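# I'd like to go over a predicted model; first the sequence, then the structure.
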Amino acid sequence: MSENTMKRYWRRNVRYLLILLTIWFAVSFGAGILLVDLLNEIQFAGFKLGFWFAQQGSIYAFVILIFVYVRLMNKLDKEFDVDEK
């Protein structure tokens, strides 16, 4: 793999990471801390939604983002022909 191709690969990889970590931060910090009072007015499974996001929602979001990252990286690896065949 040429150096230019390698730089493009890692640039896309880092971009994916930054986007996914930003989403995780927005869900965990934003919904669990900043918007907690607004979200607590809504009930989810018998719990206030703000509490649910702080305790469970950010964990679920993180697990979903892991699967999204795996899918994105498999696609990126195939595009740059560095996948495990």
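Perfect, thanks for sending it. Residues are numbered from 1 along each chain as shown.
# where along the protein do the helices fall?
Across the chain, reading from the start of the chain, the helices by DSSP state H fall at 3-25, 36-39, 49-52, 58-79.
# which of the ones you listed sits closest to residue 85?
helix 58-79 (9.5 Å; Cβ to Cβ). Just so you know, the C-beta spots here come from the backbone N, C-alpha and C atoms, and that holds for glycine as well.
# okay, the angle between the closest one and helix 3-25?
Helix 58-79 runs at 160 degrees relative to helix 3-25, counting by axes from the mean of the first three to the mean of the last three Cα atoms, to 10 degrees.
# what mean pLDDT does helix 58-79 have?
For helix 58-79, mean pLDDT is 94.
# burial of residue 8, as a residue count?
Residue 8: 14 surrounding residues under other Cβ atoms under 10 Å.
# quick revisit: point out the most buried one among the helices of the chain.
Comparing the helices of the chain by mean neighbour count (mean count of other Cβ atoms under 10 Å), helix 49-52 comes out on top with a mean of 19.
# run through the neighbouring helices and strands of that one.
If contacts are counted by 3 or more Cβ pairs under 8 Å, 6 or more residues apart in numbering; DSSP states H and E, helix 49-52 sits against helix 36-39.
# list the helices and strands the helix it packs on packs on?
Checked by 3+ Cβ pairs under 8 Å, 6+ apart, helix 36-39 has helix 49-52 packed alongside it.
# list the contacts of the helix it packs on.
Helix 49-52 has contacts (Cβ atoms under 8 Å, 6 or more residues apart in numbering) with 31-32, 35-45.
# 7 Å instead, please
Here helix 49-52 makes contact (Cβ atoms under 7 Å, 6 or more residues apart in numbering) with 35, 36, 37, 39, 40, 42, 43, 44.
# equivalent analysis for stretch 66-78, please.
Contacts of stretch 66-78 (Cβ under 7 Å, 6+ apart): 9, 12, 13, 16, 20, 83.
# pipe the residues you listed into JSON lines and attach distance to residue 50 and pLDDT per row.
Output for the contacts of stretch 66-78, formatted as JSON lines (distance: Cβ to Cβ, whole Å; pLDDT from 0 to 100):
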{"residue": "9", "distance to residue 50": "40", "pLDDT": "95"}
{"residue": "12", "distance to residue 50": "35", "pLDDT": "97"}
{"residue": "13", "distance to residue 50": "34", "pLDDT": "96"}
{"residue": "16", "distance to residue 50": "29", "pLDDT": "97"}
{"residue": "20", "distance to residue 50": "23", "pLDDT": "96"}
{"residue": "83", "distance to residue 50": "41", "pLDDT": "83"}
